[in-house]
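S.K.: sequence first, then the predicted structure:
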Amino acid sequence: MAGGGKVYSFQEVRKHSQRKDCWLIISGKVYDVTPFMEEHPGGDEVLLACTGKDATADFEDIGHSDAAKELMPQYCIGEVDAATIPAKLAHAVLPAKGAAAAPAPRASTGQGVWLTVLQLALPLLLVAMAFALQNFAKTKTE
Ligand code: HEM
């Protein structure tokens, strides 16, 4: 480990959240991945999105290979003081490339209500029509 076991507070680590100065927290360790930003096969954006929080889950979710894990010690600069990490950390979500920043608007609630009414009314209408037809047939045969 390059940092010789230095302990950083969460507040200190989160100051380094830029492309040219990027630190990550993974499994309680602090990694200065600044020299790795351009080489990271997953791109630099994902690394940037993982700053300012505990990135352990994000790192694990990808299913990084053993080769990836072997690269890690060279970027390790120390550990994070667990007591300084806020209990609830917001999860940064990256918009998909080329996608609009805002999510597509959902169908308006007004439309939704009408669809439900139609869905309920249609079977009733069919039953009523069947009865009417039956009555009509009856009166014709009498
Ligand atoms: C010191 C930290 C990290 C190192 C050394 C590292 C290294 C690597 C390496 C070597 C790969 C190629 C695939 C593999 O061998 O598994 C990779 C892919 C990837 N990494 Fe990381 N990574 C780090 C942190 C992260 C973090 C925090 C994220 C956040 C989600 C991330 C997201 C990804 C993604 C999305 C890919 C592409 C996966 C694919 O194309 O299938 N990595 N990383």
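M.R.: Received, thanks.
S.K.: going forward, measure contacts between C-alpha atoms and count neighbours the same way
M.R.: Noted.
S.K.: so where's the protein uncertain?
M.R.: Along the chain, segments meeting pLDDT under 70 span 1-4, 89-111, 142.
S.K.: now do the strands in it.
M.R.: For the chain, the strands defined by DSSP state E occupy 7-8, 17-18, 21-26, 29-32, 76-80.
S.K.: so which of the ones you listed is nearest the ligand?
M.R.: Judged by CA to the nearest ligand atom, the one of the strands of the chain that comes nearest to the ligand is strand 29-32, at 6.0 Å.
S.K.: what about the closest one, distance to the chain center?
M.R.: The gap between where strand 29-32 is centred and where its chain is centred comes out at 22 Å by CA atoms, centre = their mean, to the nearest Å.
S.K.: which one of the strands of the chain lies closest to residue 140?
M.R.: Residue 140 lies closest to strand 21-26 among those, at 81.8 Å (CA to CA).
S.K.: now that closest one: buried residues?
M.R.: Of the residues in strand 21-26, those buried under the neighbour-count criterion (16 or more other CA atoms under 10 Å) are 22, 23, 24, 25, 26.
S.K.: could you report the neighbour count for the nearest residue to residue 11 once chain neighbours are set aside?
M.R.: For residue 11, the nearest residue in space outside its immediate sequence neighbours is residue 84; the separation is 7.4 Å by CA to CA, 6 or more residues apart in numbering. When counting by other CA atoms under 10 Å, one arrives at 12 neighbours for residue 84.
S.K.: what's the distance between residue 84 and the ligand?
M.R.: From residue 84 across to the ligand, the span is 20 Å (CA to the nearest ligand atom, to the nearest Å).
S.K.: show me the domain layout of the protein.
M.R.: According to automatic domain parsing, the chain comprises the domains 7-84, 106-142.
S.K.: chain center to the first one: distance?
M.R.: Read it as domain 7-84. Here the centre of domain 7-84 is set off from its chain's centre by 18 Å, with CA atoms, centre = their mean.
S.K.: for the shortest one, same thing?
M.R.: Between the mean C-alpha point of domain 106-142 and the mean C-alpha point of its chain there is a distance of 43 Å (CA atoms, centre = their mean).
S.K.: return the set of buried residues in that domain.
M.R.: When neighbours are counted by 16+ other CA under 10 Å, no buried residue of domain 106-142 is found.
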